[in-house]
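# sequence below, structure please.
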Amino acid sequence: MKILFVEDEIKPGETMHHGLKDAGFIVDCVKAGSNGLTRALRGAYDLIVLDVKKPHLNGWKLLLELRAAHDAPLLFLTAREAMDNQVSDAKLGVDDYMIKSFSFMELMERVRILLRRECEQEPKIIEISDILIDVSKRCVLRNGRYIDLTRKQFSLLHLLAKRSGEALSRSLIAAQVWGADFDGDTNVVDVAVCRLRAKLDDHYPQQLIRTVRGMGYVLEDKK
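Numbers count the residues shown, from 1 in each chain. Alright, predicted model coming up:
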């Protein structure tokens, strides 16, 4: 599991993110508002931990930016004693929050709960039209015929299928599938979609992957 740890000041949070690493998680730690955060948001994460000392100054804006870039669960940490209702009722996309001071064991418990909840919500089998995607086995069938996909092609199809009917931008696809390896100056997304279509759509009368002009791509069953 990979965690993005975002904080106002790197030094005070070292104990927490080192503890998460010792617990077996991959942790990328970046400072809020830094160039490192922009680069990190291109990566694929299972959980985002946001440690903001003064949320009323810049925390709300940062929350919105994180939520726009990622749909991973978001855990908000703050030293503020009284939280606004806008956080407690998750209007800003916060999945959970903790007010300091808390023990590292409490933090670990919240992290595990959010990750477990995310895994439980993830469907193991996705069916769209005559396509069947077995997520756990990384197997794809169309009309009962096995479709041989590379790892990246499967990740791309899985993303499109999870959000079937929703037009996904090229930048969002790149961030979710390629992460930090994405080169924004290339047409890597367009090429990858073209190759996926060749395997998934070209030999069938119904085309499921559609280009949305000026936006990106959508996978949907339009009957």
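# now do the buried residues in stretch 62-73.
Across stretch 62-73, burial judged by 16 or more other CB atoms under 10 Å covers 62-63, 66, 69-70, 72-73. Glycine gets a C-beta too; all of them are placed from N, C-alpha and C.
# who's in contact with that stretch?
Outside stretch 62-73, the residues that touch it by CB atoms under 8 Å, 6 or more residues apart in numbering are 4, 6, 32-33, 41, 45-48, 50, 52, 74, 76, 92-96, 114-115, 117-118, 175.
# kindly export it (C-alpha atoms) in CSV.
Extracted C-alpha coordinates of stretch 62-73, given in CSV (Å, rounded to 0.1, in the frame of the first residue of the first chain):
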residue,chain,number,x,y,z
LEU,A,62,-5.2,22.3,-0.4
LEU,A,63,-8.0,19.9,0.5
LEU,A,64,-9.9,20.8,-2.7
GLU,A,65,-6.7,20.5,-4.8
LEU,A,66,-6.0,17.1,-3.4
ARG,A,67,-9.5,15.9,-3.9
ALA,A,68,-9.6,17.2,-7.5
ALA,A,69,-6.4,15.3,-8.3
HIS,A,70,-7.1,12.1,-6.4
ASP,A,71,-10.0,9.9,-5.4
ALA,A,72,-8.0,8.1,-2.8
PRO,A,73,-9.2,8.2,0.8
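# tell me the mean pLDDT over it?
The pLDDT scores in stretch 62-73 average 72.
# would you list the phi and psi of Q153?
Reported as degrees, to the nearest 10, the phi and psi values for Q153 are phi -60, psi -40.
# neighbours of it, how many?
Applying other CB atoms under 10 Å, we find 19 residues neighbouring Q153.
# over to P123. Which of the three states is it?
Following DSSP: H, G, I helix; E, B strand; the rest coil, we place P123 in the coil state.
# now, of the contacts of stretch 62-73, which are buried?
Those of these that meet the buried threshold are 4, 6, 32, 41, 45-48, 50, 52, 74, 76, 92-96, 114-115, 118, 175, by 16+ other CB under 10 Å.
# so which of these belong to strands?
Mapping the buried ones among the contacts of stretch 62-73 onto strands (DSSP state E) picks out 4, 6, 47-48, 50, 52, 74, 76, 96.
# of these, which pair is most distant in space?
L47 and V52 (16.1 Å; CB to CB).
# now I173: how far from L219?
11 Å (CB to CB, to the nearest Å).
# so between the two, which is more surrounded?
Legend: neighbour count by other CB under 10 Å for I173 and L219, higher for L219 (26 against 22).
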